[in-house]
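Have a look at this fold, sequence not included:
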């Protein structure tokens with residue numbers, strides 16, 4: 001029997017699946033020291049529209065990967081979240097939304113000397129300062145206006 005999921009059911013299923021995978025992976029595997037953060041758009045006509053991407057509609061995911069491309073942790077963007085934890089709100093207030101994703105993805109790898117590479121969407125001086133305070137190295141492309 002084929003079941004068609006609503007957008008809410010699809011999002012909840014994806015979120016539950018990625019949380020389960022992330023929990024298992026973060027305890028069972030230690031990534032290489034050279035890592036990167038990337039965003040992906042899973043093709044889905046009912047979620048988010050990003051005109052500059054090849055796949056313009058989809059579910060937005062943020063992935064924390066190692067050099068091999070193997071992702072260690074991921075985060076599904078659910079839109080504006082009302083029920084954030086106090087710690088998440090403080091991090092967003094300090095770093096901004098795009099930069100706050102990186103410490104959230106890194107989880108227990110903070111303070112362990114990893115090097116994270118990122119593109120210009122995440123690169124901000126305040127994030128690099130935060131990562132430096134947590135014994136992390138960071139590299140990223142920069143723009144004059146950010």
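Cool, got the structure. Predicted model only: the values in this text are computed from it and were never measured.

where are the low-confidence patches of the chain?
Applying pLDDT under 70 to the chain flags the ranges 1-27, 44-58, 78-87, 146.

can you give me the helices in it?
7-28, 86-95, 97-106, 125-133 (DSSP state H).

buried sites along the second one?
By neighbour count on 16 or more other Cβ atoms under 10 Å, the buried set for helix 86-95 is 91, 92, 95. For glycine as for every other residue, the C-beta is placed from the backbone atoms N, C-alpha and C.

ok, residue 122 to residue 34 distance?
Going from residue 122 to residue 34 by Cβ to Cβ, to the nearest Å gives 16 Å.

More neighbours: those two, which one.
Neighbour totals were compared for residue 122 and residue 34, and residue 122 leads with 25 against 14 (other Cβ atoms under 10 Å).

looking at it, the more buried one is touching residue 98, isn't it?
Yes - counting by Cβ atoms under 8 Å, residue 122 does reach residue 98; the two are 5.4 Å apart.

you'd agree residue 110 is up against residue 103?
Yes - Residue 110 is in contact with residue 103 according to Cβ under 8 Å; the separation is 6.2 Å.

joint contacts of these two?
Counting by Cβ atoms under 8 Å, 6 or more residues apart in numbering, the contacts common to residue 110 and residue 103 are residue 134.

residues near residue 129, how many?
A count of nearby residues for residue 129, using other Cβ under 10 Å, gives 13.

Can you name the residues that contact residue 113?
Residue 113 makes contact with 33, 135, 136, 137 under the criterion Cβ under 8 Å, 6+ apart.
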